[in-house]
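Novice: A predicted structure for the sequence below; I have some questions about it.
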Amino acid sequence: MALSSFDSVLVIGGGHMGGALLRGWLKAQRDPRSLYLLDTDSLCRTSWESWLPSSHIIGHSDDIPFNEIHFSCIVLAVKPQQIAHVVGTLCQRLPPLSSCIVSVAAGIPLASIAHHLGHSVIIRAMPNLACAIGKGITALYSAHAKDTPCCAHVHRLFACLGMTLWLEEEERFDIITALCGSGPAYLYYFLECLTKAGAHYGLSEADAQQLALSMVDGATALAIEKKEAPRTLRARVTSPQGTTAAAIDVFQHHTDTWDAIIQRAIEQAMRRAKQLAEETPKHTHAPSP
């Protein structure tokens, strides 16, 4: 059945986050003919040639087919430092009252974008990379009511990629960014450290890595199934005066405890999110890329 043009989605930026969203929608069996990608990097465009129709992979904003396609949603998946340039370019070509605009740029408040695109419904989103396999988390915020057609459409779009959460206050994005957006990197770092420790004490690096991955996969799946607090699950594994208790004692009573380290790390990520917002130009008239 032919797709309605209202279903078309344009992703600007095919890097890690933009790519994860596209892969997630394709995994959710969204028709590739409904997806468009704009990226100025030729290597990025080439990497998508086996996934999207060639005419849907665009290298210049002038080639976006606004006269032929009504994009139900335009996703700004570029780095925070690039958002002003991209928005300044987009506002010169975007038809009035056209698409829902979704920004996934970390730390960039809606006001910085609305200055240029005030005629559109603008939604801020913070997805994470697990959206690529349908197990992501996406926080959403809009100044418009969540039951408006545009917000409802964006909600359905991101619900295909995993859990969604609407925030009542935009200020909560800093903690969402630090906890869920950056969170996978914390876990990967933990896995990296476990792998190194296993290799240090005699395992091959490949075996140590596979053991660490399988352990985290099983522990996470069990936590989801049990729906119990992490504290409860941890206590169940930690026998008094046993091996686990000995390790936990190091985490809890070392000069820098895990609790303190994680809290400081989250605080630093939140602080950087605020800095990115302050560094974003409030006014721009950028030329086309």
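Specialist: All right, it came through fine.

Novice: Torsion angles phi and psi at the nearest residue to V78 once chain neighbours are set aside?
Specialist: Across the structure, with CB to CB, 6 or more residues apart in numbering as the measure, the residue nearest V78 apart from its sequence neighbours is G13 (4.0 Å). (Glycine included, C-beta is placed from N, CA and C.) Backbone torsions for G13, taken as degrees, to the nearest 10, come to phi 110, psi 110.

Novice: What count of nearby residues applies to G13?
Specialist: As a burial measure, G13 scores 25 neighbours (other CB atoms under 10 Å).

Novice: ok, now which ones touch it?
Specialist: With contacts taken as CB atoms under 8 Å, 6 or more residues apart in numbering, G13 has the following neighbours: 38-39, 76-79, 82, 86.

Novice: Got a quick PyMOL command for the buried subset of those?
Specialist: The buried subset of the contacts of G13, as determined by 16 or more other CB atoms under 10 Å, is captured in PyMOL by this line:
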select buried, resi 38+39+76+77+78+86
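
Novice: Now the two most distant members of the contacts of G13.
Specialist: With distances taken as CB to CB, the most widely separated pair in those is L38 and K79, at 14.5 Å.

Novice: nearest spatial neighbour of A20, skipping sequence neighbours?
Specialist: For A20, ignoring the flanking residues on the chain, the nearest one in space by CB to CB, 6+ apart is A132 at 4.0 Å.

Novice: A28 is in contact with the one you found, correct?
Specialist: No: between A132 and A28 there is no contact under CB atoms under 8 Å: 10.6 Å.

Novice: Looking at the two, which has the bigger crowd around it?
Specialist: Remark: of A132 and A28, A132 carries more neighbours, 22 against 14, as counted by other CB under 10 Å.

Novice: Tell me the confidence at that one?
Specialist: A132 carries a pLDDT score of 96 in this model.

Novice: can I assume it sits in a helix?
Specialist: Yes: under DSSP: H, G, I helix; E, B strand; the rest coil, A132 falls within a helix.

Novice: pLDDT value on A2, please?
Specialist: Reading off the model, A2 has pLDDT 35.

Novice: what's the answer for H285, then?
Specialist: Among the per-residue scores, H285 shows a pLDDT of 40.

Novice: Also A245?
Specialist: According to the per-residue confidence, A245 scores 89 in pLDDT.

Novice: okay, now it: neighbour count?
Specialist: Using other CB under 10 Å as the criterion, A245 is surrounded by 12 other residues.
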